[in-house]
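**Q** have a look at this fold, sequence not included:
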């Protein structure tokens, strides 16, 4: 199998798994009381699908949670050079290995935690960019929420307005994002890529997916 083909198959697994996850969430097959449960269910779907792509006895698809990865610079998320990512995938064949890193967020209206949640989204994207720069083949960021606040809120406060991923918004590479409150939730952030934020909806849930 060519490396490009293996990457495409891995991406197919990730996107199919997320589509199934959102369908289960929207139709009541999954009652995710918190982000940890949401992450665990996504990992289970990924593992189940990945095994179907083990076409030969020697093919292996691995799912790891809270994977630790050694970086040469400090990760804002982990506050150290030992970065952690929610889900890390490995698709191993005789020819080569494809890796993928996934960050996942679940924001429920009942547990409204603002504006810190918006900062944490950009912090996770920053972490994924570091993984990408260190050789991870695929990096994806996913958010699911039942709260319109993240999707179509009319405006945010000037103190935290930098952290904006509402539907139709965008981020320009190298723009400094600042938390301007008296006690900032975290340090300034700068991302290396441009991003366009486009949300989809299913039932009462909204979801965002970004390829890093």
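**A** Looks like it came in fine. Here the structure is a predicted model, which is why all the values come from computation and not from measurement.
**Q** lowest-confidence helix or strand of this protein?
**A** strand 60-75 (a mean of 76; mean pLDDT, DSSP states H and E).
**Q** next SSE downstream of that strand?
**A** strand 80-92 (DSSP states H and E).
**Q** buried stuff in the very next helix or strand once past that following strand?
**A** Past strand 80-92, heading to the C-terminal end, the next element that is a helix or strand (DSSP H and E) is strand 97-107. Using 16 or more other C-beta atoms under 10 Å as the test for burial, strand 97-107 gives 98-107. (Glycine included, C-beta is placed from N, CA and C.)
**Q** pLDDT and distance to residue 169 added to the residues you listed, as TSV?
**A** Formatted as TSV, those follow (pLDDT from 0 to 100; distance: C-beta to C-beta, whole Å):
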residue	pLDDT	distance to residue 169
98	97	31
99	95	30
100	96	26
101	95	24
102	97	22
103	95	19
104	95	20
105	96	16
106	95	20
107	95	16
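**Q** what secondary structure does the closest residue to residue 42 other than its chain neighbours sit in?
**A** Computed as C-beta to C-beta, 6 or more residues apart in numbering, the closest residue to residue 42 that is not its neighbour in sequence is residue 21, at 5.2 Å. Secondary structure, DSSP: H, G, I helix; E, B strand; the rest coil: residue 21 is helix.
**Q** hey, where'd the helices end up in the protein?
**A** All helices of the chain, identified by DSSP state H, fall at 3-26, 35-52, 116-133, 149-152.
**Q** reformat these as a markdown table; add mean neighbour count, mean pLDDT and distance to residue 63.
**A** Shown next, in a markdown table, are the helices of the chain (neighbours: other C-beta atoms under 10 Å; pLDDT from 0 to 100; distance: least, C-beta to C-beta, whole Å):
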| stretch | mean neighbour count | mean pLDDT | distance to residue 63 |
| --- | --- | --- | --- |
| helix 3-26 | 17 | 96 | 10 |
| helix 35-52 | 17 | 95 | 5 |
| helix 116-133 | 21 | 94 | 16 |
| helix 149-152 | 18 | 96 | 27 |
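**Q** per-residue pLDDT, the nearest residue to residue 139 once chain neighbours are set aside?
**A** In space, residue 139 comes closest to residue 212 once its chain neighbours are excluded; the distance is 3.7 Å by C-beta to C-beta, 6+ apart. At residue 212, the model reports a pLDDT of 96.
**Q** that's all I had, so thanks and see you.
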